[in-house]
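In: model this:
(2 chains)
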Amino acid sequence: MVITINQCQTDKMSSKTSFEIKQGIKVHVIHTDLYKTNLICVMLTLPLMKETVTKNALLPFMLRRGTKNFSDQYVINQELEDMYGASFDCGVDKIGDNQVLKFYIDTINNEYTFSKENILKKSVELILDIVFNPIMENGLFKEEFLNIEKENLKQVIESKIDAKDAYAFNNCITAMYGEEGFGLYKYGYIEDIDAITAEDLTEHYNKLIQNCKIDILLSGNFYQDEIVSIFERNENVKQLRPRIENYILNNEFTEKKQKVDNVQVIEEKMDVSQGKLVIGMDVLSNMENLQATALVYNAILGDGANSLLFQNVREKESLAYTAKSSFIKQKLNIFIRCGIQVENYDKAVEVIKKQLENIKAGNFTEEQIKNAKAYLISGIKAVEEEQDTEVVFYIGQEISKTDISFEEYIQKIENVSKAEIMELAKHIEINTIYFLRD
Amino acid sequence: MQIIENNKIKEKVYTEKLNNGLMVMVIPKKVRKKYIIWGTKFGSIDNKFVLSGESTPTVVPDGIAHYLEHKMFEQENGRNSLDVLSSLGVNANAYTTNNHTAYLFECTDCFYEALDEFMNYIQNPYFTDENVEKERGIIGQEIMMYEDYPDWALYMNAIKCMYHKNEVSIDVAGTKETIAEINKEKLYKIYRAFYRPDNMVMIIAGNFEPEEIIEEIKKRMKMTESQQTVKRIYENEPETIVSKKIERQMDISMPCFIVGYKDNDLESNKVKKSIAIDIIGNIILGRSARLFQKLYEKGKILSEPSWNYEFAETYAHVLIQGQTNYVDDVIAEISFEVERVKKEGIKEEDFQRIKKKIYGEMVKDYNEVATIANGFVANYVRGINSFDYFEEFESIHKTYVEKVLRDVLQEEKKVISVIKPNTNIMASKNK
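Out: Predicted coordinates for the structure are as follows:
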């Protein structure tokens, strides 16, 4: 097999090149000499649907169990240990309305091994083997593995109550979106697990692997040519067919929201010391430069030590230790999250609403805008200095089909004006107030 | 200036002791990020001490080191240094542990502007009744946040099982009751006692010329050599454990446990010992271990329990932490496997493979300026240079590891902490 490189993008700052090895299967090579490690990720992107979310979530658990070349996970683990403690992990992410099955392997660079071994090649081959060449018995996933992994997935789903703040956040999202798309839990649902058979799951996997969007990201001190030659010779890659990517594009042009008639107020009880307050808001605007404006708005509101939430809810009123907000760009939502004393619920909601009004009324200074921008820009600059963050950044760009350089991104943030922030503020509405308390 | 070089990971550290006694270390790295951390050897365990010129010991409320850390950012001009640093676009923070407190920032631009503010606030505390009072509510919420973390409750309980009097059992943040006793006079007193240059260390990592950055530090250094000395008083800890087991309930999905082994031998080489314990953890219950395979295939564990050798100058222990629906079985199996390996020894082939794994993990720790610098601080306050791990690694033999296994993982020094799910049913309603 010979790979013809269709260069999609060359970004000078981070020297990233992307090429399609077959239709719907892309390889992204991020050349960098900042780290002593290589990071390799395989991402399978699938639309989030109630019928398939649980089955999809089960796949990483099954795939890590063994391949046709490494018969079980203990053999894989020995191999990883022998590769200087290469770490392999897999999991499930939610990006907008998509479920992303992710597999990654992190090794030291060849130059730090005792005798300059080529562990880059070894690790690429191993991860491709895990994702695309699972061990089968009579053409099916092994029953004994499946039974254990079904139980493991149940436990993972049940464990969502353990981290109370994340639990509250998830519940708020589900309250806003219901059990579809972005509202689904990324690991699926316990009641759907028992019915999954080895036949079902094998059929599902075989279909999925020939149809889903596949992205393979590699970051480290190596060049495209080295990678291309590994892929060209790889048997697992040869088996993959070209495909028309089936996933859901979420960005500022695809998301259309309507103002809710009544704000939902939800209270749930649990054995907690501290109440966890989550306020979900909709960004109901299609103004120009929306992403950057919403980021600056969010930074003024609740991202960083100079933000209104930190300064007022925490520093001025001493109501909380954590008081912050985040902007979910794929779904155009802003979520406010605070840990507060249960009795202070009304007071906290009042103080938070006051901050939202303040931004609308323009009660914030040029200094605050400058601070917010400085905070965001330093965050963008740091992306290229953290291997995993950079990989996550590029997968986000890939899925939302945005293709802007770090410089353009910074420029867009610099360009946001006070008038634009006030204009956007008029179109930000509370959708749901969720409170987890004792 | 002294230069220590590590050829394996191709890194160098430049060290210089300033005239006032402050140790400064520079780790040059060709990256855009710049990082500085200034730490003091003062943490939650330092609650009793005698100051020079005083005859009676001073006893301070639990959580005061952490409270001081929060209050350091307050400035006389009414501004908060955390806000000032944030508005420069730098990422500033601070933290308190059992044995040290540290202030830090990381940035790509504006390093020297931020350095002005950073060195200024740490050298100029400003406490008033009002600003000290304001923090009580915030720290109160921080304490409550930790109360909801099952891992924290699990850890504190394990420590309480192991130690009768040792200060490690004091919660870093204190309690709502103890922080109620903190006032500005007490904060000034501990600041003067422990924020002395000879009790501190500063680490700078990033794209720097060592001589140049040390000159810049000197320019901004106002602290003079301290005349005061402090004698810390720690309780004498008996060798025995307090109780074998502690259990409580929380709203969690699956029971979690810690098996702890108290290590009374505080004089031994702890760097070497910590590597040995890392190897033992992998041999007994790592992802390729026989026991891991057995427990996993029976559905008794989902991921490998973590092994950690936690140590300071005044305490040391091993903590094995995991999650399972079969707590008693899993803990019994671990003890059984520990005894089996003690008797049968470690296989040479496994030993070599795990050593390779640990070496790789040590290399990975030198990826990012923050990880590197934080590691240097945590080690410095324990009298260790981070590069020592590579030196000791070379000298680790299988027989040594087997000896550590026999000496440290002793049944009579073992404690168990368990948290089980609540049995009541969760209620939920709409408001």
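In: my read: residue A:434 touches residue A:168, true?
Out: Yes - between residue A:434 and residue A:168 there is a contact under CB atoms under 8 Å: 6.2 Å. C-betas here are computed from N, CA, C, even on glycine.
In: list the residues that contact both of those two?
Out: A:268, A:277-278 (CB atoms under 8 Å, 6 or more residues apart in numbering or on different chains).
In: neighbour-wise, which one of those residues leads?
Out: residue A:277 (28 neighbours; other CB atoms under 10 Å in any protein chain shown).
In: hang on, that one in a strand?
Out: Yes - when DSSP: H, G, I helix; E, B strand; the rest coil is applied, residue A:277 is found to be in a strand.
In: any idea how far chain B is from it?
Out: Taking CB to the nearest CB, to the nearest Å as the criterion, residue A:277 is separated from chain B by 12 Å.
In: quick one: contacts for the closest residue to that residue other than its chain neighbours?
Out: Once flanking residues are discounted, residue A:277 sits nearest to residue A:338: 4.7 Å by CB to CB, 6 or more residues apart in numbering or on different chains. Neighbour list for residue A:338: A:276-277, A:309, A:313, A:319-320, A:322-324, A:348, A:352 [criterion: CB under 8 Å, 6+ apart].
In: if we go to 7 Å?
Out: A:277, A:313, A:320, A:322-323, A:348 (CB atoms under 7 Å, 6 or more residues apart in numbering or on different chains).
In: and which of those is nearest to residue B:417?
Out: residue A:322 (26.4 Å; CB to CB).
In: quick one: name whatever helix or strand follows the lowest-mean-pLDDT helix or strand in chain A.
Out: Within chain A, confidence by mean pLDDT, DSSP states H and E is lowest for strand A:9-11 among all helices and strands, at a mean of 41. Counting by DSSP states H and E, the next helix or strand C-terminal to strand A:9-11 is strand A:16-22.
In: what comes up buried for that next one?
Out: Neighbour-count burial for strand A:16-22, counted by 16 or more other CB atoms under 10 Å in any protein chain shown, picks out A:16-21.
In: which of the contacts of residue A:338 fall within helices?
Out: residue A:348 (DSSP state H).
In: pLDDT added to the contacts of residue A:338, as CSV?
Out: Shown next, in CSV, are the contacts of residue A:338 (pLDDT from 0 to 100):
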residue, pLDDT
A:277, 97
A:313, 94
A:320, 92
A:322, 92
A:323, 95
A:348, 97
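In: just flag the most distant two among the contacts of residue A:338.
Out: A:322 and A:348 (11.8 Å).
In: so between these two, which is more surrounded?
Out: Higher neighbour count among residue A:322 and residue A:348: residue A:348, with 23 against 19, using other CB under 10 Å.
In: does any part of the helix or strand containing residue A:57 sit near chain B?
Out: In the assignment (DSSP H and E), residue A:57 maps to helix A:50-63. No - applying CB under 7 Å from any CB of the partner chain, one finds helix A:50-63 separated from chain B by no less than 9.5 Å.
In: contacts for that helix, please.
Out: Defining contact as CB under 7 Å, 6+ apart, one finds that helix A:50-63 is touched by A:46, A:90-92, A:99, A:101, A:103, A:130-131, A:134, A:141, A:145-146, A:149-150, A:152-153, A:179-180, A:184, A:186-189, A:192-193, A:196, A:201, A:204-205.
In: and the next helix or strand past it?
Out: With elements assigned by DSSP H and E, the helix or strand that comes after helix A:50-63 is helix A:73-82.
In: quickly note the distance from the residue nearest to residue A:277 to residue B:344.
Out: Distance of residue A:338 to residue B:344, computed by CB to CB, to the nearest Å: 54 Å.
In: and for residue B:11?
Out: For residue B:11, the distance to residue B:344 (CB to CB) stands at 39 Å.
In: the two: which is more packed in?
Out: For the pair residue B:11 and residue B:344, the greater number of neighbours falls to residue B:11 (19 against 9), based on other CB under 10 Å.
In: what's the residue nearest to that one when sequence neighbours are not counted sitting at in phi/psi?
Out: Nearest residue to residue B:11, sequence neighbours excluded (CB to CB, 6+ apart): residue B:366, at 5.9 Å. Per-residue torsions, residue B:366: phi -100, psi 30 (degrees, to the nearest 10).
In: OK, contacts around residue 96?
Out: All of this is about chain A. Contacts here follow CB under 7 Å, 6+ apart; on that basis residue A:96 touches A:182, A:248, A:250, A:330-331.
In: you answered for a different chain; I wanted chain B.
Out: Applying CB under 7 Å, 6+ apart, the residues near residue B:96 are B:43-44, B:65-66, B:69, B:172.
In: closest one of those to chain A?
Out: Comparing the contacts of residue B:96 against chain A with CB to the nearest CB places residue B:66 closest, at 11.9 Å.
In: helix or strand for that closest one, which one?
Out: Using DSSP H and E, residue B:66 falls within helix B:64-71.
In: which elements pack onto that helix?
Out: In this structure, helix B:64-71 makes packing contacts with strand B:91-96, helix B:129-147, helix B:184-194, judged by 3 or more CB pairs under 7 Å, 6 or more residues apart in numbering or on different chains; DSSP states H and E.
In: mean pLDDT lowest for which of those?
Out: Of all the helices and strands packed on helix B:64-71, mean pLDDT reaches its minimum on helix B:129-147 (a mean of 93).
In: give me the contacts around it.
Out: By CB under 7 Å, 6+ apart, the surrounding residues in contact with helix B:129-147 are A:273-274, A:314, A:318-322, A:339-341, B:67, B:70-71, B:74, B:152, B:173, B:175-176, B:179, B:182-184, B:187.
In: what angle sits between whichever helix or strand comes after that helix and helix B:129-147?
Out: Proceeding N to C from helix B:129-147, the next assigned helix or strand is helix B:150-162, under DSSP H and E. Inter-element angle recorded for helix B:150-162 and helix B:129-147: 90 degrees (by axes from the mean of the first three to the mean of the last three CA atoms, to 10 degrees).
In: next one: the next helix or strand after helix B:150-162 to chain centre, how far?
Out: Counting by DSSP H and E, the next helix or strand C-terminal to helix B:150-162 is helix B:176-179. Chain-centre distance of helix B:176-179: 22 Å, with CA atoms, centre = their mean, to the nearest Å.
In: ok, and for helix B:176-179, which residues are buried?
Out: Neighbour counts over helix B:176-179 (16+ other CB under 10 Å) mark B:178-179 as buried.
In: and it with chain A, contact?
Out: No - on the criterion CB under 7 Å from any CB, helix B:176-179 is out of touch with chain A, staying 10.8 Å away.
In: that helix - contacts with which helices or strands?
Out: Packing partners of helix B:176-179 (3+ CB pairs under 7 Å, 6+ apart): helix B:129-147.
In: and the angle from the helix it packs on to helix B:64-71?
Out: Going by the same axes, to 10 degrees, helix B:129-147 is angled at 120 degrees with respect to helix B:64-71.
In: okay, buried residues for helix B:129-147 please.
Out: The neighbour-count check on helix B:129-147 (16+ other CB under 10 Å) flags B:131-132, B:134-135, B:137-146 as buried.
In: need those residues in JSON lines (columns: distance to residue B:352).
Out: Shown next, in JSON lines, are the buried residues of helix B:129-147 (distance: CB to CB, whole Å):
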{"residue": "B:131", "distance to residue B:352": "57"}
{"residue": "B:132", "distance to residue B:352": "56"}
{"residue": "B:134", "distance to residue B:352": "57"}
{"residue": "B:135", "distance to residue B:352": "52"}
{"residue": "B:137", "distance to residue B:352": "55"}
{"residue": "B:138", "distance to residue B:352": "51"}
{"residue": "B:139", "distance to residue B:352": "49"}
{"residue": "B:140", "distance to residue B:352": "52"}
{"residue": "B:141", "distance to residue B:352": "50"}
{"residue": "B:142", "distance to residue B:352": "45"}
{"residue": "B:143", "distance to residue B:352": "46"}
{"residue": "B:144", "distance to residue B:352": "48"}
{"residue": "B:145", "distance to residue B:352": "44"}
{"residue": "B:146", "distance to residue B:352": "41"}
